[in-house]
Each structure stands twice: as structure tokens, then as C-alpha cells.
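A.B. asks: Got a predicted structure plus its sequence, pasted below:
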Amino acid sequence: MKVDIIKILQDLNFTEYEAKAYITLLEKSPLSGYAISLNSGVPRSKIYEVLGGLVDRGEVMISHENPALYTPLPPHELINLKKRRAETSFEVAEEALEHYSYVSLNRENIWNITGHEAIINRAKEAIKEAKGRILLEIWMEDAEEIRKELEEAAGRGVQILIVSYGTLGFDFAEVYEHDASDEITEEYGGRWIVLSVDDQEVVAGILSLGDDSRAAWTMHPGLVMPITEVIVHDLYIYEMMKEHRDTLEKSFGPNLIELRNRFKFGSSGYSVAARLGLIE
């Protein structure tokens, strides 16, 4: 495959004329502006403007002779120069744009996310910004995908409380294993995630449908508060079951099954996919 070196240099922010002049100098140098024009195809009326730009950026060097002679920055030095400039630009842009991050999110919006990977990635980014507390409901197989980000947050001093469906060995977090994990998984036919970060941002949705997985991400206070409270109430129930299991199960059945049946909508086994209208 023939490499289009002009296109490659254009991807490095050279104009077409600059790329042609630079390549000509790589092939033979030093050269005068006239000779570069003659060998590169850059019009004589443009060549000194083109060379002036390359010299200003340090990508071509000029001798103070009469006529002036030009020589290119060696390719490996050019690449290193471009890398340093790009890294500096990214650092400056990141710092400059950080001020606008909360403004651009618009606290009134609710963003839809489609696909398992996209939902997990959004959860990771939210966790990275956590400063005080993370509340999370998740199945153990999905939790492993965000383990690194959760552990790093714990290392920053963030409190992490997890209601897990299945056994989760996260020693850096307070883990509360749901008593009815198997029953709920079978009943709903799917897995979900509910994540609240600092009581200011939530990601909530279905994770078990692959590319058809659906979730919402929002900072809207009208949703953040009740979704956060859903997790908090599950923690309440866990603590009450730990202290008064015999009494509660005597009234409501093993793992409070009678309560779940009383308030369950639709028949058992009505899958997540069906609820989303993805199957009949």
C-alpha cells in the first residue's frame, strides 16, 4: 500500500503547500526558496509565505545568507515537537474547559444512554468525579467492570455503599448483599444498575440486554433525590432484616416474599426486555 505522505502531514496540521515544501527539503537540502518552489510545485508567489510559516513554527530552519537557505527539522524531531505541542494543547484545553463542565450538562436535562458498554463508561466517568459518597445497586458480574474506578474512589476517601445482587468481594466498600438476589434475577429476567454520586448525579437503567441495554443519566434534582432514596431504603431494609429477620419473615414470608408479591406488577417472569417493549 502506497503511503500518502502529503495526507499524513496534513493530518499533522500542515497545509498542502507546507507538506510539499517540507518533503522537498527532506529529499534535498539546504535549498533556496526558488529551488524549493521549482522542485515542490508550490507557486513562487506563495513559497516564501509558506516557508515563513514553517520557520515560525520551528519545523524548518533558515540560514541568514543571500539568498537564504532552508533545511527541514529531522522527521523524528518534528514528530516529538508535534507530540509536545499536542500534549500542551490538551492540558490547556482541559483546564480551560473544566470551568464549563457543570454549565454544559444543564441540570434540567435527562440523557438517554443505549448499550451496555456506553452505560458502564458513563458510570465510570461519574465515579471518577465522586468526592463524598457513592451509592450503588448492581449485579456482581457488572460490578467487576467498574471495580477499578470504585477502588480508586475509595482511595480518595469517598464512602462507597453497594447493594449487591450476588456475592461481591470488594473489601474497599461497604457491601450489602441482597437477600433475594436469585429470586429477583429470575423474576425480572435481567440486571440493572442504579448509581448515585454525591447525591447530585445518577445513572440508572438496564444492563443485561447488550446493545439494547437502556439507561438514563441526569443531574436533575427531581430525579436524583428519589432515585438516591431508592438505594437508601434498600439499605434500611437490609439493616432491619439483619436485626429482626425472624419477626419480619414471620409476618411477610421468607425474604419478605409476600410483600414483593403484594406490590408486584404483572406476572412472574415478565422480563426486562418485555417491559422495554423489545419483545412481545
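C.D. replies: Good, I have the coordinates. Numbering: from 1, shown residues only.

A.B. asks: hmm, who's touching stretch 201-208?
C.D. replies: Outside stretch 201-208, the residues that touch it by C-beta atoms under 8 Å, 6 or more residues apart in numbering are 113, 116, 119-120, 122-123, 126, 129, 138-139, 142, 190-196, 213-219, 223-224, 227-228, 272, 276. All C-beta spots, glycine's among them, are computed from the backbone N, C-alpha and C.

A.B. asks: if we go to 6 Å?
C.D. replies: Outside stretch 201-208, the residues within contact range by C-beta atoms under 6 Å, 6 or more residues apart in numbering are 116, 122-123, 126, 142, 190-196, 213-217, 219, 224, 227, 272.

A.B. asks: got it, and stretch 27-43?
C.D. replies: 17, 20-21, 24, 44, 47-48, 50-51, 67, 69-71.

A.B. asks: tell me the contacts of Val163?
C.D. replies: 137, 176, 178, 234.

A.B. asks: Confirm that Val203 sits in a strand.
C.D. replies: Yes - assessed by DSSP: H, G, I helix; E, B strand; the rest coil, Val203 belongs to a strand.

A.B. asks: now it, nearest residue through space, not along the chain?
C.D. replies: Using C-beta to C-beta, 6 or more residues apart in numbering and skipping the chain neighbours, the partner closest in space to Val203 is Leu195 (4.5 Å).

A.B. asks: for the one you found, helix, strand, or coil?
C.D. replies: Per three-state DSSP, Leu195 ends up strand.

A.B. asks: the strands in the chain, which residues?
C.D. replies: 31-32, 60-62, 69-72, 110-114, 133-139, 159-165, 174-177, 192-197, 201-206, 214-218 (DSSP state E).

A.B. asks: could you dump these to JSON lines with distance to Ile8 and mean pLDDT?
C.D. replies: Output for these, formatted as JSON lines (distance: least, C-beta to C-beta, whole Å; pLDDT from 0 to 100):
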{"stretch": "strand 31-32", "distance to Ile8": "22", "mean pLDDT": "92"}
{"stretch": "strand 60-62", "distance to Ile8": "17", "mean pLDDT": "92"}
{"stretch": "strand 69-72", "distance to Ile8": "15", "mean pLDDT": "92"}
{"stretch": "strand 110-114", "distance to Ile8": "35", "mean pLDDT": "90"}
{"stretch": "strand 133-139", "distance to Ile8": "44", "mean pLDDT": "94"}
{"stretch": "strand 159-165", "distance to Ile8": "46", "mean pLDDT": "93"}
{"stretch": "strand 174-177", "distance to Ile8": "51", "mean pLDDT": "90"}
{"stretch": "strand 192-197", "distance to Ile8": "42", "mean pLDDT": "94"}
{"stretch": "strand 201-206", "distance to Ile8": "40", "mean pLDDT": "93"}
{"stretch": "strand 214-218", "distance to Ile8": "38", "mean pLDDT": "92"}
